[in-house]
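Asker: test case, fold it:
(2 chains)
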Amino acid sequence: MKKKEVPQDKSNLESANFRELCYAVDENGEYVTENSSGWEPKTVALNNAIEEINERIEGAKNRVIAGQTSPIEYYMELHKMDVGILASYVSFWQWKVKRHFKPSVFKKLSHKTLNKYAEVFEISVEELQNISK
Amino acid sequence: MEIDFTHHQSAHCENGVVSNLMKHNGFSVSEPMVFGIGSGLLFCYIPLLKVNHAPVITYRALPGHIFKKFAKRTGVKMKREKFRNPKDAKARLDENLEKDNPVGLQVGVYNLVYFPDEYRFHFNAHNMVVYGKEGNRYLISDPVMENVTSLSEKELEKVRFAKGAFAPKGHMYYPIAFPEKMELEKAIVKGIKDTCKAMLAPVSFVGVKGIHKIAKLIRKWPKKKGIKTANHYLGQVVRMQEEIGTGGGGFRYIYAAFLQEAGKLLGNDKLIELSKEMTEIGDLWRDFALEASRIYKNRSAQTDSYNKVADQLDHIANLEKVFFKKLKKAI
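Answerer: Numbering: from 1, shown residues only, chains lettered A, B, ... in the order given. Just a heads-up that it's a prediction; the model follows:
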């Protein structure tokens, strides 16, 4: 990549007001560094990934409303987590977290357990129990 | 309290922290030099593992390895500590800052408040330097950022004790002893040999073979997984290759910069020639990313287009095979 070819496309970096560093060659063939504000191919990839996450969140929300899963799964998706990551945050086995996805099991969870999840998601227990709030 | 520390932006966090800490201690070592000596370049498909619900491939060595190898090959002694208890982690950090010693920290990205929201994923192998404290805010030199920043005590604790894969557990590190004279020559040779070995490894998911493997998978994805998933997977491949920290072209440009610098230092013209070749290969990686982005942007569903990007990867793999054989002979 030539220095003058380092892409300066619009990207999500703008919101944090920084440009990333790239390596490229100048007109004498010497390697130099150059800042880049973004590159469209990867912005599209990132946006698609975020869209995918939003679909997962939406799907989980609908399943909570339909009584097919507990709000824990919804908040897990909201925080871009998977079962493995959530399990390590609450220090439970993965099967246990999955069990807590069952609405019938969720209803009977102790305040202590609910609080553990609420803390990880940085919400109150009430918010955890009712996702519309 | 603020330590007199100069922040230099780098492409990648791990190289950047090492390079910045070395510079702080009076040794001018560039980011590409750290990357090359630490054998940072790699290609590896990690079977069975999924991140963000997509397969994982990496264009670089495992987190921490660049660092470890660089230290070993240059004779720098590092102190590394991990903690069970966040309180102990904080106390040790404060102690070092009191002694005017800037330290490197491994942190999770998800709760890194100064990152744009879109970039905050559960990735736990990010690195930064803490170089002081003002009130209850820690002064942070994050090598991928253009400027220095700061985090509150609570914010820093959260990222130091992020959970999930590669959980940092408060991991803190800093150099404690340096060789009398920094002799990079031998370290460079070792670093290059190691990279050639890894890239030419007779393992189906590593190096050149790993690139062929991914090409093969890409051909299968649309039929086996459906277009939507195939595009999601392909997007992740491009993100791993081009996301913040690679310096472009899946680290190939940083490596080319290293070969150029190493060639000058060793008086080896072959390395300088090979640097040019690596730049061209880097350009081909960029072309691949561009072509792949056309697929997932337009959601065009022809199996043909997947085969086309897979062909590009096979071509790159063939070139890299020849390249690393030549590189091995050049030193």
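
Asker: closest point of the stretch 201-331 of chain B to chain A, which residue?
Answerer: Closest residue of the stretch 201-331 of chain B to chain A, C-beta to the nearest C-beta: residue B:293 (3.3 Å). All C-beta atoms are positioned from the backbone trio N, CA, C, and that covers glycine.

Asker: now do the same for the closest residue to chain B within chain A: helix, strand or coil?
Answerer: For chain A, the residue closest to chain B is residue A:41, as judged by C-beta to the nearest C-beta, at 3.3 Å. Using DSSP: H, G, I helix; E, B strand; the rest coil as the criterion, the local structure at residue A:41 reads helix.

Asker: could you find the closest non-adjacent residue to it?
Answerer: Spatially, and ignoring its direct neighbours in sequence, residue A:41 is nearest to residue B:293 (3.3 Å; C-beta to C-beta, 6 or more residues apart in numbering or on different chains).

Asker: give me the residues contacting the helix or strand containing residue A:32.
Answerer: Assigned by DSSP states H and E, residue A:32 falls within strand A:31-36. Here strand A:31-36 makes contact (C-beta atoms under 8 Å, 6 or more residues apart in numbering or on different chains) with A:3, A:6-8, A:19-26, B:9, B:11, B:32, B:146, B:248, B:253, B:256-257, B:260-261, B:275.

Asker: tally of neighbours for residue A:26?
Answerer: Residue A:26 is flanked by 12 other residues according to other C-beta atoms under 10 Å in any protein chain shown.

Asker: element containing the residue of the stretch 201-331 of chain B closest to chain A, please.
Answerer: helix B:269-298.

Asker: which residues touch the residue nearest in space to the middle of chain A?
Answerer: With distances taken as C-alpha atoms, centre = their mean, the residue of chain A nearest its centroid is residue A:80 (2.6 Å). Contact analysis of residue A:80 by C-beta under 8 Å, 6+ apart lists A:53, B:52, B:110, B:120-122.

Asker: which SS class is it?
Answerer: With three-state DSSP as the basis, the three-state label of residue A:80 is coil.

Asker: report the lowest-confidence entry in the contacts of residue A:80.
Answerer: Least confident of those in the model: residue B:52, at 83.

Asker: which ones are touching that one?
Answerer: For residue B:52, the contact set (C-beta under 8 Å, 6+ apart) comprises A:49, A:52-53, A:80, B:121, B:236.

Asker: and the gap between residue B:61 and residue A:33?
Answerer: From residue B:61 across to residue A:33, the span is 21 Å (C-beta to C-beta, to the nearest Å).

Asker: residue A:76 too?
Answerer: When residue A:76 is compared with residue A:33 (using C-beta to C-beta), they lie 39 Å apart.

Asker: of those two, who's got more company?
Answerer: For the pair residue A:76 and residue A:33, the greater number of neighbours falls to residue A:76 (26 against 21), based on other C-beta under 10 Å.

Asker: what helix or strand does the more buried one sit in?
Answerer: Remark: residue A:76 resides in helix A:71-78, with elements defined by DSSP H and E.

Asker: ok, now residue A:48?
Answerer: With DSSP H and E as criterion, residue A:48 is part of helix A:40-65.

Asker: please export the C-alpha coordinates of the one helix or strand in chain B whose mean pLDDT sits lowest as CSV.
Answerer: Least confident helix or strand, chain B: strand B:41-51 with a mean of 89, by mean pLDDT, DSSP states H and E. Presented in CSV, the C-alpha positions along strand B:41-51 are these (Å, rounded to 0.1, in the frame of the first residue of the first chain):
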residue,chain,number,x,y,z
LEU,B,41,3.0,-12.7,12.0
LEU,B,42,0.9,-15.8,11.7
PHE,B,43,-2.1,-17.3,10.0
CYS,B,44,-4.2,-19.7,12.1
TYR,B,45,-7.7,-21.0,11.8
ILE,B,46,-8.9,-22.0,15.3
PRO,B,47,-11.2,-25.0,14.8
LEU,B,48,-14.1,-25.5,17.1
LEU,B,49,-13.9,-22.0,18.7
LYS,B,50,-16.5,-19.4,17.8
VAL,B,51,-16.4,-15.7,18.6
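
Asker: quick one: the nearest residue to residue B:111 once chain neighbours are set aside from residue B:135, how far?
Answerer: Spatial nearest neighbour of residue B:111, excluding adjacent residues (C-beta to C-beta, 6+ apart): residue B:158 at 4.5 Å. As for residue B:158, its distance to residue B:135 is 18 Å (criterion: C-beta to C-beta).

Asker: point out where chain A drops to low pLDDT.
Answerer: Across chain A, the ranges flagged by pLDDT under 70 are A:133.

Asker: again, only this time at 90
Answerer: Low-confidence segments of chain A (pLDDT under 90): A:10-18, A:42, A:130-133.

Asker: what count of nearby residues applies to residue 55?
Answerer: Reading this off chain A. Neighbours around residue A:55, by other C-beta under 10 Å: 12.

Asker: actually it's chain B I care about, not the one you picked
Answerer: With other C-beta under 10 Å as criterion, residue B:55 counts 18.

Asker: and it, what does it touch?
Answerer: The contact partners of residue B:55, taken as C-beta under 8 Å, 6+ apart, are B:45-47, B:49, B:217, B:233, B:236.

Asker: which residues are in contact with residue 83?
Answerer: Looking at chain A here, since you left the chain open. Residue A:83 neighbours (C-beta under 8 Å, 6+ apart): A:76, A:94, A:97-98.

Asker: let me rephrase: I mean chain B.
Answerer: B:89, B:92, B:169-170, B:172.

Asker: where does the residue of chain A most remote from its centre sit: helix, strand or coil?
Answerer: Distance from the C-alpha centroid of chain A peaks at residue A:28, with 43.0 Å (C-alpha atoms, centre = their mean). Secondary structure, three-state DSSP: residue A:28 is coil.

Asker: got the phi and psi for it?
Answerer: Per-residue torsions, residue A:28: phi -90, psi 10 (degrees, to the nearest 10).

Asker: quick revisit: okay, the angle between whichever helix or strand comes after the helix holding residue A:76 and strand B:41-51?
Answerer: Sequence-wise, the next helix or strand downstream of helix A:71-78 (DSSP H and E) is helix A:83-90. Computed by axes from the mean of the first three to the mean of the last three C-alpha atoms, to 10 degrees, the angle separating helix A:83-90 from strand B:41-51 equals 80 degrees.
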